[in-house]
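**Q** Sharing a model that was predicted from the sequence below.
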Amino acid sequence: MRKLLLGILIGVFLIAPFYLQTANATILFQDGFETAWQGDYAPGWINAAYRHGEAPVGKMMQQTTTKYSGNYGLQLTAASTPESWMWWAAVEVENLQSSSLDKKYDPWVSAMYYDDGQAGRTGQVYAVPDWVNPYINGSEDWTDVQFGARFNQPTTSNYYYVATGENSPGWENTGVQRTVGWHELKFQLSSSTGAIDFYIDTVLVGSSYRNDYTNLGTAIGLYTMFQNPLSNWSQALPYTIWDDFKVGSSVPEPTTMLLFGLGLLGVAGIGRRK
């Protein structure tokens with residue numbers, strides 16, 4: 001009996017730390033933009049689609065002038081727009097598993113954003129989460145969540161967030177003033193409240209007005225926004241600088257679950273040998 005108890009304790013102490021660590025912080029996708037790429041998009045990224053037609057084109061480029069960590073950062077440039085009134089370009093992660101971003105796993109998105117203080121050129125992190133029902137006459141589920149600097153708000157010197165939907169209050173002022181330098185922008189869907197919480201440099205600065213989200217969706221990425229038209233920027237196209245982009249949740253990694261299962265089998269084996 002003592003051997004069985006010892007086996008159980010050994011299994012728990014050997015396997016549990018791996019399981020708990022992974023359960024609390026599984027990185028589903030991350031990019032420090034350290035690996036060079038050919039073409040306009042880093043591996044695992046695509047240009048974001050636009051639901052009502054042809055999308056503006058954002059292009060990704062490594063750059064060394066400004067980076068948060070490592071040797072490179074990302075320059076996200078608004079390269080073209082099909083319509084002169086458009087004021088954004090976006091890129092998103094190409095393949096994310098929806099089930100890993102379910103509310104029960106407290107999914108989150110974060111990125112390091114270099115704010116250069118320019119009012120007319122700003123950057124945001126975004127996601128398109130799901131909730132129970134579409135709200136536009138039952139025909140379209142427009143659920144965009146965006147977070148960062150914003151050029152067309154009353155106080156352009158502050159950071160804003162928005163969680164669109166029925167009766168949305170629109171862009172909400174965090175009350176946090178923009179300062180030149182690197183800042184971590186992060187938002188997380190809470191399994192306990194069903195709302196999305198927004199953080200700047202690890203400090204909670206606001207929460208979504210809705211609390212019926214079911215997941216963060218799989219359209220997750222980065223925006224460069226600018227004062228339109230793009231033709232006014234022809235001499236130097238608008239861009240934003242990013243680094244250390246991450247998508248995570250508490251979903252256990254498959255390898256961790258395998259280790260956990262092997263640990264239990266080992267304990268069962270000790271019992272049988274007894």
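**A** That came in fine, so what should we check first?

**Q** Tell me which helix or strand the spatially most central residue of the chain sits in.
**A** For the chain, the residue lying nearest the average C-alpha position, counting by C-alpha atoms, centre = their mean, turns out to be Val109 (2.6 Å). When secondary structure is defined using DSSP states H and E, the element that contains Val109 is strand 108-115.

**Q** For the residue nearest to the centre of the chain, list each beta-bridge partner.
**A** With DSSP bridges applied, Val109 shows beta-bridge pairing to Phe187, Val247.

**Q** from what I can see Asn161 touches Ser207, true?
**A** Heads up, residue 161 is Tyr, not Asn. No: using C-beta atoms under 8 Å, Tyr161 is not in contact with Ser207; the gap is 9.1 Å. Every residue, glycine included, has its C-beta placed from N, CA and C.

**Q** ok, these two, which is more surrounded?
**A** Between Tyr161 and Ser207, counted using other C-beta atoms under 10 Å, Tyr161 has the larger neighbour count: 25 against 17.

**Q** how many neighbours does Ala90 have?
**A** Taking other C-beta under 10 Å as the criterion, the count of residues near Ala90 is 23.

**Q** Average pLDDT for stretch 252-271, rounded please.
**A** Mean pLDDT, computed over stretch 252-271, is 44.

**Q** Are there residues contacting both of Tyr161 and Ser207? Which ones?
**A** The overlap between the contact sets of Tyr161 and Ser207 (C-beta atoms under 8 Å, 6 or more residues apart in numbering) consists of Phe198.

**Q** quick one on the thing from earlier: packing partners of the strand holding Val109?
**A** Contacting strand 108-115 under the criterion 3 or more C-beta pairs under 8 Å, 6 or more residues apart in numbering; DSSP states H and E are the following elements: strand 121-127, strand 145-149, strand 181-189, strand 239-249.

**Q** Could you export the ones you listed as a markdown table, including distance to Phe198, mean neighbour count and mean pLDDT?
**A** Rendered in a markdown table, the data for the helices and strands packed on strand 108-115 read as follows (distance: least, C-beta to C-beta, whole Å; neighbours: other C-beta atoms under 10 Å; pLDDT from 0 to 100):
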| stretch | distance to Phe198 | mean neighbour count | mean pLDDT |
| --- | --- | --- | --- |
| strand 121-127 | 10 | 24 | 96 |
| strand 145-149 | 5 | 26 | 96 |
| strand 181-189 | 5 | 21 | 98 |
| strand 239-249 | 16 | 23 | 98 |
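
**Q** Could you check how far Thr218 is from Ser99?
**A** Summarising the geometry, the distance separating Thr218 from Ser99, computed by C-beta to C-beta, to the nearest Å, is 10 Å.

**Q** Val251 too?
**A** Going from Val251 to Ser99 by C-beta to C-beta gives 8 Å.

**Q** okay, the two: which has more neighbours?
**A** Set side by side, Val251 and Ser99 give different neighbour counts by other C-beta under 10 Å, the larger being at Val251 (21 against 11).

**Q** Helices of the protein, start to end?
**A** With helices called from DSSP state H, the chain shows them at 2-24, 254-273.

**Q** average pLDDT for stretch 150-162?
**A** Per-residue pLDDT values across stretch 150-162 average out to 89.

**Q** hang on, I meant stretch 77-94
**A** 96.

**Q** which residues in the stretch 51-200 of the chain form strands?
**A** Secondary structure of the stretch 51-200 of the chain (DSSP state E, counting those that start in this stretch): strands at 57-63, 73-80, 88-93, 108-115, 121-127, 130-131, 145-149, 158-163, 172-177, 181-189, 196-200.

**Q** Tabulate these (JSON lines), appending distance to Ile46.
**A** JSON lines is the format used below for the strands of the stretch 51-200 of the chain (distance: least, C-beta to C-beta, whole Å):
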{"stretch": "strand 57-63", "distance to Ile46": "10"}
{"stretch": "strand 73-80", "distance to Ile46": "13"}
{"stretch": "strand 88-93", "distance to Ile46": "6"}
{"stretch": "strand 108-115", "distance to Ile46": "16"}
{"stretch": "strand 121-127", "distance to Ile46": "14"}
{"stretch": "strand 130-131", "distance to Ile46": "20"}
{"stretch": "strand 145-149", "distance to Ile46": "18"}
{"stretch": "strand 158-163", "distance to Ile46": "23"}
{"stretch": "strand 172-177", "distance to Ile46": "29"}
{"stretch": "strand 181-189", "distance to Ile46": "21"}
{"stretch": "strand 196-200", "distance to Ile46": "23"}
